[in-house]
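Trainee: I would like to see how this sequence folds:
(one chain, ligands or ions: 1)
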Amino acid sequence: MGNPWFETVAIAQQRAKKRLPSSVYGALIAGAEAGISMRDNVSAFDEIGFRPVTAGQAAERTMDVTVMGQSASMPVIMSPTGVQAVHPDGEVAVAGGAANRGIPSGLSSFASKPIEEVAAVNSQLFFQIYWAGDKDSMLARIERAKNAGAVGLILTLDWSFSHGRDWGSPAIPQSFTLKELIPHATDVLRKPRWAWTWAKSGQIPRLTVPNFVTGDDKPPVFFEAYGTWMGTPPPTWEDVAWLRSQWDGPFMVKGVVRADEARRAVDAGATCLSVSNHGGNNVDGAPASIRMLPEIVAAVGDQVEVVLDGGVRRGSDVVKACALGADAVLIGRAYLWGLAANGQAGVENVLDILRGGIDATLRGIGVDSIADLTPDDVIVPDGFSPPPMG
Ligand SMILES: Cc1cc2nc3c(=O)[nH]c(=O)nc-3n(C[C@H](O)[C@H](O)[C@H](O)COP(=O)(O)O)c2cc1C
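Mentor: A predicted model of the protein is given here:
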């Protein structure tokens with residue numbers, strides 16, 4: 001095998017595509033409808049520029065921050081994703097790689113690994129839940145997370161159950177019966193390295209969601225849990241305030257892109273908002289999250305922490321987001337591709353790429369510290385963001 005190290009996230013993505021069965025790779029690409037928001041998340045960052053300096057920079061730059069009560073060695077957090085079938089070590093490798101680089105990690109309620117195993121490798125763990133099931137079951141889930149050591153809660157609200165994609169949705173088995181698995185055999189046999197990684201681990205990708213249940217209940221398969229979520233009426237802001245009142249610690253609402261909702265989330269008790277369109281998986285046509293960041297920062301940035309997720313692929317993207325007022329960014333696909341390419345070492349490789357990129361950008365623009373960034377450090381074209389709401 002060649003050198004497993006990769007120099008950019010784009011190369012990690014190429015390796016992930018080569019290595020993963022097409023259904024697993026397709027599940028990571030995800031996206032909705034025509035993929036407008038998914039593409040805009042990435043391309044909007046390209047519209048923002050810098051004004052480089054040539055002399056007078058500090059010899060060393062600083063980039064550590066504190067977000068959700070946790071110190072992070074750079075303004076990057078692992079966004080919660082269900083790491084189903086990508087790698088046998090799944091979320092343990094993601095959180096472990098993050099811990100090795102001094103980075104907090106979000107854990108999805110649709111994750112493939114039990115929270116207790118993940119918390120054992122990263123004490124800076126934020127548990128993510130959806131509004132799914134009845135209130136008692138939600139309480140039981142967050143109680144389990146608290147007992148496991150989660151230090152923050154993320155409530156993700158931006159999901160609209162839109163299912164069609166113009167490039168076709170990946171075929172995912174509904175259950176692990178032989179009948180369901182046979183159609184996937186060819187896809188898997190074409191990817192012997194992926195199959196061998198699983199065979200060596202003595203596991204098979206089961207697509208169960210162990211953090212959806214508590215006690216001795218049997219974990220449901222992904223689609224059963226998804227059905228519960230889909231069948232749950234969306235929460236009111238009073239419901240959000242109720243959930244917040246049940247969690248004693250930092251509380252992020254993820255998926256806010258409007259000033260009016262940002263204010264309501266703050267009134268409901270959120271301590272942190274993630275400006276996000278779920279990586280382009282919510283309503284297609286939602287603008288890139290970086291376009292909406294200034295509106296949210298202007299509305300509530302002096303009251304709560306504001307982070308952003310969606311489209312971050314480079315250290316320079318992190319600098320752009322922080323210059324426009326983000327306290328940190330969350331990353332999703334970037335680490336998923338690293339994980340697919342090279343397990344936990346691939347996750348660490350992605351974080352090293354971002355760190356190097358942040359440092360190079362700060363040096364290039366003559367800013368000594370992430371904390372010193374301001375909107376004047378970036379060039380934002382006219383019309384980049386939609387007109388702000390009142
Ligand atoms: C495959 C995949 C699974 C995801 N699963 C979850 C999830 O379970 N919970 C959640 O809050 N967000 C989930 N997300 C959204 C991410 O947390 C994050 O918002 C998004 O990936 C950021 O965009 P990026 O991938 O361009 O970095 C998922 C995203 C992807 C791509």
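Trainee: what does stretch 255-264 contact?
Mentor: With Cβ atoms under 8 Å, 6 or more residues apart in numbering as the test, stretch 255-264 has contacts from 156-159, 237, 265, 273-278, 282, 286-287, 289, 292, 295-296, 298-300, 388-390. Every residue, glycine included, has its C-beta placed from N, CA and C.
Trainee: for the nearest residue to Gly149 once chain neighbours are set aside, give me its contacts.
Mentor: Ranked by Cβ to Cβ, 6 or more residues apart in numbering and with sequence neighbours excluded, the top spatial neighbour of Gly149 is Ala119, at 4.3 Å. Residues counted as contacts of Ala119 (Cβ under 8 Å, 6+ apart) are 95, 125, 148-150.
Trainee: of the residues you listed, which is the most crowded?
Mentor: Among these, Ala95 has the most neighbours (other Cβ atoms under 10 Å), with 31 neighbours.
Trainee: how far away from the center of its chain is stretch 347-359?
Mentor: Taking Cα atoms, centre = their mean, to the nearest Å, one finds the center of stretch 347-359 at 16 Å from the center of the full chain.
Trainee: again, but for stretch 101-112
Mentor: For stretch 101-112, the distance to the chain centre is 8 Å (Cα atoms, centre = their mean).
Trainee: ok, back up a step: closest to Lys113 among the contacts of Ala119?
Mentor: Distance to Lys113 across those (Cβ to Cβ) is lowest for Ala95, with 8.7 Å.
Trainee: now for that closest one: which residues touch it?
Mentor: 78, 105, 107, 118-119, 121-122, 125.
Trainee: what secondary structure does it sit in?
Mentor: helix (DSSP: H, G, I helix; E, B strand; the rest coil).
Trainee: and the next helix or strand past the one helix or strand Tyr25 maps to?
Mentor: Secondary structure assigned from DSSP states H and E places Tyr25 in helix 22-29. Next in sequence after helix 22-29, counting helices and strands by DSSP H and E, comes helix 36-47.
Trainee: show me what counts as buried in that next one.
Mentor: Applying a neighbour-count criterion of 16 or more other Cβ atoms under 10 Å, the buried positions in helix 36-47 are 36-38, 40-42, 44-45, 47.
Trainee: tabulate the residues you listed in JSON lines, adding columns for pLDDT.
Mentor: JSON lines is the format used below for those (pLDDT from 0 to 100):
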{"residue": "Ile36", "pLDDT": "97"}
{"residue": "Ser37", "pLDDT": "97"}
{"residue": "Met38", "pLDDT": "97"}
{"residue": "Asp40", "pLDDT": "98"}
{"residue": "Asn41", "pLDDT": "98"}
{"residue": "Val42", "pLDDT": "98"}
{"residue": "Ala44", "pLDDT": "98"}
{"residue": "Phe45", "pLDDT": "98"}
{"residue": "Glu47", "pLDDT": "98"}
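Trainee: could you check the angle helix 36-47 makes with the helix holding Tyr25?
Mentor: 60 degrees (axes from the mean of the first three to the mean of the last three Cα atoms, to 10 degrees).
Trainee: who does helix 22-29 touch, helix- and strand-wise?
Mentor: When contacts are defined as 3 or more Cβ pairs under 8 Å, 6 or more residues apart in numbering; DSSP states H and E, helix 22-29 sits against helix 9-19, helix 333-365.
Trainee: so which of those is nearest Arg206?
Mentor: Between Arg206 and the helices and strands packed on helix 22-29, the tightest spacing by Cβ to Cβ is seen for helix 333-365, at 17.4 Å.
Trainee: so what secondary structure elements neighbour whatever helix or strand comes next after the closest one?
Mentor: Remark: after helix 333-365, the chain's next helix or strand is strand 378-379, criterion DSSP H and E. In terms of contacts (3+ Cβ pairs under 8 Å, 6+ apart), strand 378-379 is packed against strand 49-50, helix 315-323.
Trainee: start to end distance for stretch 243-263?
Mentor: 17 Å (Cα to Cα, to the nearest Å).
Trainee: could you list the buried residues of it?
Mentor: Quick answer for stretch 243-263 (16+ other Cβ under 10 Å): 243-244, 247, 250-259, 261-262.
Trainee: again with stretch 108-128
Mentor: 108-115, 117-119, 121-122, 124-128.
Trainee: now the end-to-end length of that stretch.
Mentor: By Cα to Cα, one end of stretch 108-128 lies 5 Å from the other end.
Trainee: that one: how far from the chain's middle?
Mentor: Relative to the mean C-alpha coordinate of its chain, stretch 108-128 is positioned 13 Å out (Cα atoms, centre = their mean).
Trainee: touching the ligand at all, that stretch?
Mentor: Yes. Against the ligand, stretch 108-128 shows contacts by Cβ under 6 Å from any ligand atom at 108, 110, 128.
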